[in-house]
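Q: Dropping the sequence and predicted coords here.
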Amino acid sequence: MRKHMTAALAAMLVATACNQDPTGVSNELVLAQQAQVIAQDVAATTGTNYEGWWRRLRDTLQTTDDPEARAFLDQAAAYRDSARAALEGGDPAAARAYWRLAFRSVLSAVIEIFPNAPERTGLAVDQAIVRIERFLGGRDAPRIRAILGHVKELRARADEAFASGDKVTALALNLRSMQILHRLVEHIRDVHGDHDAVADAEMESVAY
């Protein structure tokens, strides 16, 4: 079913490229669709996107007692409650800060159970980048390449954070990188001005 949907979307994008867009944006969207599938395949096979880590954490805690991980999740729930209260009180900036704290608390729980999560996620992002660049070859895709350049910068920042001992920030940046690649078509099609904010909001909206 997924392959049929992908083929249908690619066909639609090709039609758009041929008939409606002389600027080349839609032509690049066709390439972006295939690049996005590559990133999604890497995430699916490695389980290294945010939803994958969350599912693994949830499933593990169903059979394993880890008080520290559970404490992090309780903290995350409290932050989310504070975020909702701030939003209802008309303070979106405070709500946003609480959502970010809740997200980082979940990542702390992930690292508590899976200490190598930052490294594994970073390696998966690097694998996705290599495969996408190999797929692109010498084809003209300035928007895709600009996003790949940004993701490489995020990876460098993640490695710096990890080297300094901040594994939560390292994991957050690596997951942001994967999320951007995971939604590459949307980032190009919708001309997102802030890829990071969009990716973070998508991950922070995951229910737990």
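A: Cool, got the structure. Numbers count the residues shown, from 1 in each chain.
Q: just how off-centre is stretch 36-47 within its chain?
A: 11 Å (CA atoms, centre = their mean, to the nearest Å).
Q: Not counting its own residues, what contacts the helix or strand containing S82?
A: Here S82 sits within helix 67-88, counting by DSSP states H and E. Residues outside helix 67-88 that contact it (CB atoms under 8 Å, 6 or more residues apart in numbering): 57, 61, 92, 94-96, 98-99, 101-103, 105-106, 108-109, 112-113, 208. To be clear about C-beta, it is placed using only N, CA and C from the backbone, and glycine gets the same treatment.
Q: Same question for stretch 181-198.
A: Here stretch 181-198 has contacts from 25, 28-29, 32-33, 35-36, 39-40, 43, 49, 125, 128-129, 132, 143-144, 147, 150-151, 154, 176, 180, 199, 202, using CB under 8 Å, 6+ apart.
Q: do stretch 112-125 as well
A: Against stretch 112-125 from outside (CB under 8 Å, 6+ apart): 42-43, 46, 48, 53, 56-57, 60-61, 64, 66, 68-69, 72, 110-111, 151, 155, 158-159, 162, 167, 170-171, 174-175, 177-178, 181.
Q: Buried ones among the contacts of stretch 181-198?
A: Among the contacts of stretch 181-198, the ones that count as buried by 16 or more other CB atoms under 10 Å are 25, 28-29, 32-33, 35-36, 39-40, 43, 49, 125, 128-129, 132, 143-144, 147, 151, 154, 176, 180, 199, 202.
Q: Any regions of this structure where pLDDT drops low?
A: Counting by pLDDT under 70, the chain has low-confidence residues at 1-26, 207-208.
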